[in-house]
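J.: no FASTA, just this:
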């Protein structure tokens, strides 16, 4: 596969993913499989999952930062909650990313169908999760700050490891705080997601788990898609977007599970990628 062909696959995926993140979340369900397809054709089957994960994080992170800046006013009134949840977010993201870069490629690749299935399930269950965790009308809100802190650590670990669906998890857990309006909670969620993605990005870059020739055009495409998504957000039905994301997730889950062989004991180990910043054409 040549470079321009790879860009024709990953750049539109990044633009769509950025737009989906701006409207409803779940852009990783579009960008990560596109990167898997391209990087495995470059590096050899079975050797692109971790590189795709790191590249995907870097590609979508700037959009997360810009969204965080856009919510700065809403978060001012929840500053004490931001301070409380910053440490578990950072520690969790660092641990999750460390688990990725120190684990075996084949193990992470075997986890991909389950991770996509989990992220899809989170989108399906989002309305029910939010309703279950809200306090009944007129009830005295309970103090769940330490429960939310513990949940944020777990969410940070998952976010550093894979990340799709962390926004849904945080909206569900942060609703236990009863700390402000839905817009303020959404702003707090966006800030914490930016922290998790930022920590993961630094770790993946330091480890060399980023394919820069693909990451750079994807960053531009994702930011353009995010801007377009934010512009269209008021016109589009979020329920329709969620249904599309869920449909994509279900399709990808079925496809990835169908591609898993019953056993791979006789397969040769994948070639180690020592320099992911160079785009190489797959030998014929």
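T.: Yep, that arrived. Model, not experiment: these values are computed from the prediction. Numbering: from 1, shown residues only.

J.: Moving C-terminal from the host helix or strand of residue 157, which element do we reach first?
T.: Assigned by DSSP states H and E, residue 157 falls within helix 145-161. Toward the C-terminal end, the helix or strand that comes next after helix 145-161 (DSSP H and E) is helix 166-174.

J.: roughly how far is the very next helix or strand once past that next one from the heart of the chain?
T.: If you walk from helix 166-174 toward the C-terminus, the next helix or strand you reach (DSSP H and E) is helix 182-207. In this view, helix 182-207 has its centroid 10 Å away from the chain centroid, taken as Cα atoms, centre = their mean, to the nearest Å.

J.: What residues of helix 182-207 count as buried?
T.: Neighbour-count burial for helix 182-207, counted by 16 or more other Cβ atoms under 10 Å, picks out 184-204, 207. Any C-beta I mention is one placed from the backbone N, CA and C, and that applies to glycine too.

J.: Now do the nearest residue to residue 15 once chain neighbours are set aside: how many residues are near it, please.
T.: Of all residues beyond its chain neighbours, the one nearest residue 15 is residue 225 (3.6 Å), with distances taken as Cβ to Cβ, 6 or more residues apart in numbering. The local packing count at residue 225 equals 27, with neighbours defined by other Cβ atoms under 10 Å.

J.: Likewise for the one 3 residues further on?
T.: Neighbourhood size, residue 228 [other Cβ under 10 Å]: 16.

J.: my read: it touches residue 20, true?
T.: No: counting by Cβ atoms under 8 Å, no contact exists between residue 228 and residue 20, whose distance comes to 10.8 Å.

J.: list residues touching both of those two?
T.: Between them, residue 228 and residue 20 share no contacting residue under Cβ atoms under 8 Å, 6 or more residues apart in numbering.

J.: By mean pLDDT, which helix or strand of this protein comes out lowest?
T.: The weakest-scoring helix or strand in the chain, judged by mean pLDDT, DSSP states H and E, is helix 72-76 (a mean of 74).

J.: what's the following helix or strand past it packed up against?
T.: Tracing the chain C-terminally past helix 72-76 and defining elements by DSSP H and E, one meets helix 79-102 next. Helices and strands touching helix 79-102, by 3 or more Cβ pairs under 8 Å, 6 or more residues apart in numbering; DSSP states H and E, are helix 49-70, helix 145-161, helix 182-207.

J.: possible to save those as CSV with distance to residue 81 and mean pLDDT?
T.: As requested, the helices and strands packed on helix 79-102 are arranged in CSV below (distance: least, Cβ to Cβ, whole Å; pLDDT from 0 to 100):
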stretch, distance to residue 81, mean pLDDT
helix 49-70, 15, 85
helix 145-161, 8, 92
helix 182-207, 6, 88
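
J.: Distance to residue 251 for these - can I get that in CSV?
T.: As requested, the helices and strands packed on helix 79-102 are arranged in CSV below (distance: least, Cβ to Cβ, whole Å):
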stretch, distance to residue 251
helix 49-70, 18
helix 145-161, 22
helix 182-207, 25
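
J.: mind checking which of these is nearest residue 248?
T.: The closest of those to residue 248 is helix 49-70. By Cβ to Cβ, the value is 14.9 Å.

J.: tell me the contacts of residue 72?
T.: When contacts are counted by Cβ under 8 Å, 6+ apart, residue 72 is found next to residue 187.

J.: whoops, I mixed them up, residue 71
T.: If a contact means Cβ under 8 Å, 6+ apart, then residue 71 has 186-188, 190-191 as its contacts.

J.: same thing with residue 104?
T.: In this structure, residue 104 makes contact with no residue, judged by Cβ under 8 Å, 6+ apart.

J.: next one: residue 49
T.: Residues in contact with residue 49, defined by Cβ under 8 Å, 6+ apart, are 36, 105, 108-109, 112.

J.: What backbone torsions are found at residue 78?
T.: Backbone dihedrals for residue 78, given as degrees, to the nearest 10, come out at phi -110, psi 30.

J.: List the buried residues for stretch 11-26?
T.: Result for stretch 11-26 [16+ other Cβ under 10 Å]: buried residues 11, 13-26.
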